[in-house]
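**Q** Structure for this input, please:
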Amino acid sequence: MNQKLKGAFNDEMNIAKKYYATKQFTLCFKHLERAHILAQKYVIPHTLSHWWMLKVGLTTADKKEIAGQCTRIVASILFSRLWVPVGNTGGSNVSALKKMPIPDDLKTLLKD
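**A** Numbering: from 1, shown residues only. As a prediction, the model looks like this:
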């Protein structure tokens, strides 16, 4: 992960953690989704984004999110370096296999 991409990922994660700390879980999750898009091809940050999504699911008692993130954490460890559905936001509200459009402001970070 190049420094620019790593910085953007860390920024999104830090914003998400601030929202998590203030119990603003919808905003937290939006930034976790953005972090996920940036991290998909890198095992540790990809898994970390899913871990935090799981934390949100546990905190909000969202059974669908909890179940979805448990399987996605395993998949992120096994498949990040092999294949990912580009642009997928990583939440259990979308298919884990669905390619999705990348937000314009993140596209330039992912070109390399």
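
**Q** hey, let's count contacts and neighbours off CA atoms from now on
**A** Will do.

**Q** how close does residue 70 sit to residue 111?
**A** Separation of residue 70 from residue 111 (C-alpha to C-alpha, to the nearest Å): 29 Å.

**Q** Let me fix that, I meant to ask about residue 13.
**A** Counting by C-alpha to C-alpha, the separation of residue 13 from residue 111 is 20 Å.

**Q** before we move on, back to that, among residue 70 and residue 111, which residue is more densely surrounded?
**A** Neighbour count, other C-alpha atoms under 10 Å: between residue 70 and residue 111, residue 70 has more, with 14 against 6.

**Q** so which strand or helix has the more buried one?
**A** Assigned by DSSP states H and E, residue 70 falls within helix 63-79.

**Q** what's that helix packed up against?
**A** helix 43-60 (3 or more C-alpha pairs under 8 Å, 6 or more residues apart in numbering; DSSP states H and E).

**Q** Buried residues, the helix it packs on. List them.
**A** Using 16 or more other C-alpha atoms under 10 Å as the test for burial, helix 43-60 gives 43, 45-57.

**Q** Put the alpha carbons of it into CSV.
**A** C-alpha atoms of helix 43-60 as CSV (Å, rounded to 0.1, in the frame of the first residue of the first chain):
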residue,chain,number,x,y,z
VAL,A,43,-5.0,-8.3,3.9
ILE,A,44,-4.4,-6.5,7.2
PRO,A,45,-6.2,-3.2,6.5
HIS,A,46,-9.0,-5.0,4.6
THR,A,47,-9.5,-7.3,7.6
LEU,A,48,-9.3,-4.4,10.0
SER,A,49,-12.1,-2.6,8.2
HIS,A,50,-14.3,-5.7,8.5
TRP,A,51,-13.4,-6.0,12.2
TRP,A,52,-14.6,-2.5,12.9
MET,A,53,-17.8,-3.2,10.9
LEU,A,54,-18.3,-6.3,13.1
LYS,A,55,-17.8,-4.0,16.2
VAL,A,56,-20.5,-1.7,15.0
GLY,A,57,-22.8,-4.7,14.4
LEU,A,58,-22.1,-6.1,17.9
THR,A,59,-22.7,-2.7,19.5
THR,A,60,-25.9,-2.1,17.6
